[in-house]
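1. here are the coordinates; sequence isn't available:
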């Protein structure tokens, strides 16, 4: 049990963006180095006798969660968390929560209100199996390090990036309403960045630098911007029926998603997972396209997990190793819900890919059975169908008046947004 008394030799170090504050329990005074004058950190008196500790303004923390992103308070002795009222760790969890919500919105909201209609055409699985891919394979890959290429792509971005908002606005439109000419002009302005991203996506490795506790992972907004840019590019290519080029664009995005998921911080890993979820929407649009090639093997050959967030989680936990046992245990308890949610979202990405692979198996069945869907999934005997990751069993499948319903179980600790629910309608 944590005592209510704070030892007078306590020492806390708090990093808030560029400001480095050290608070010493001996005098209750503090010093600031490498700080910025406009960074508001407020001093507060604890309710009991002892040293002074900072209390971040609640309004400031709520308005600027990213500024307090990776904030850890280290005590050399046992501390009373209740009386200190330090919101540093809360801000870290709050920042993670905001990022997790961002991942949820992009792909999962569609399933929350009911089945998502997927109108598809019959299509046989192409031969050979390696004809199409969603991730660079074999000779397409290079031994180069992807990180310098990503950095060059960021440097090549147009100044000001005024078009980021416009790109997101276009992505809210139905695919058939995309303004082709205007989108082409945006792609031309980003041509150099797109070229470098394509090279980076083919790299086997991305040597991320070791993360320094107390610092933000760099360029996260730029990577999110690249995600929207690639999504828009793939969408335009799919609408135009340029399926080969769309596959190359999705390869670039899935490659970047995989690289980011292998980075040392949870925020980078979650951005990678979000990019993978974004591309799942474009895979659906691809599958719906008339004369679109069947992606059964392309989906089957994607690694599972596509976004392996375990490295980032372990890195997060390892940063606590030097802490007092009781402090470390408290922090681990606070971090666990965020880590569990990260793992669930990564598994949800895999389940979305698995469900799309099942849809492609259904398209193949229809193409080889006079345009009919099977009465039950087990009627597909010539292909190995991926399982629903939430129950390690086949997806639920039933015929309906207009086609068939394909859906997953609901994961433990999850809700409707974490499920897959497709109403499959077969077009002629």
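-> It's in. Computed from a predicted structure; not experimentally measured.
2. Now the lengthiest helix in the chain: average pLDDT?
-> Secondary structure of the chain read by DSSP state H shows that its longest helix is helix 325-368. For helix 325-368, mean pLDDT is 93.
3. Could you identify the helix or strand that succeeds that helix?
-> Beyond helix 325-368 in the direction of the C-terminus, DSSP states H and E gives the next helix or strand as strand 396-399.
4. Just checking: what are the partner strands of that following strand?
-> Note on strand 396-399: by DSSP bridges, its sheet partners are strand 404-407 (antiparallel).
5. what's the angle from the following helix or strand past the strand it pairs with to helix 325-368?
-> Helices and strands here follow DSSP H and E; after strand 404-407, the next one along the chain is strand 421-426. Strand 421-426 runs at 10 degrees relative to helix 325-368, counting by axes from the mean of the first three to the mean of the last three CA atoms, to 10 degrees.
6. so what does strand 421-426 touch, helix or strand wise?
-> With contacts taken as 3 or more CB pairs under 8 Å, 6 or more residues apart in numbering; DSSP states H and E, strand 421-426 sits against strand 116-120, helix 325-368, strand 404-407. C-beta: built from backbone N, CA, C; applies to glycine.
7. And that strand, what's buried?
-> Within strand 421-426, the residues that count as buried by 16 or more other CB atoms under 10 Å are 421-424, 426.
8. Would you reformat the residues you listed as TSV and include pLDDT and distance to residue 307?
-> Shown next, in TSV, are the buried residues of strand 421-426 (pLDDT from 0 to 100; distance: CB to CB, whole Å):
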residue	pLDDT	distance to residue 307
421	95	22
422	96	22
423	96	27
424	97	26
426	95	31
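9. which one of the residues you listed is nearest residue 352?
-> Nearest to residue 352, judged by CB to CB, of the buried residues of strand 421-426 is residue 422 at 10.2 Å.
10. The helices and strands packed on strand 421-426 into a markdown table, with extra columns for distance to residue 151?
-> Shown next, in a markdown table, are the helices and strands packed on strand 421-426 (distance: least, CB to CB, whole Å):
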| stretch | distance to residue 151 |
| --- | --- |
| strand 116-120 | 37 |
| helix 325-368 | 25 |
| strand 404-407 | 41 |
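11. and residue 220, what does it touch?
-> Shown in contact with residue 220 (CB atoms under 8 Å, 6 or more residues apart in numbering): 267-268, 271.
12. one more time with 6 Å
-> By CB atoms under 6 Å, 6 or more residues apart in numbering, residue 220 lies in contact with residue 271.
13. cool, and residue 126?
-> Residues near residue 126 by CB under 6 Å, 6+ apart: residue 293.
14. ok, now with 7 Å
-> Counting by CB atoms under 7 Å, 6 or more residues apart in numbering, residue 126 touches 132, 293-294.
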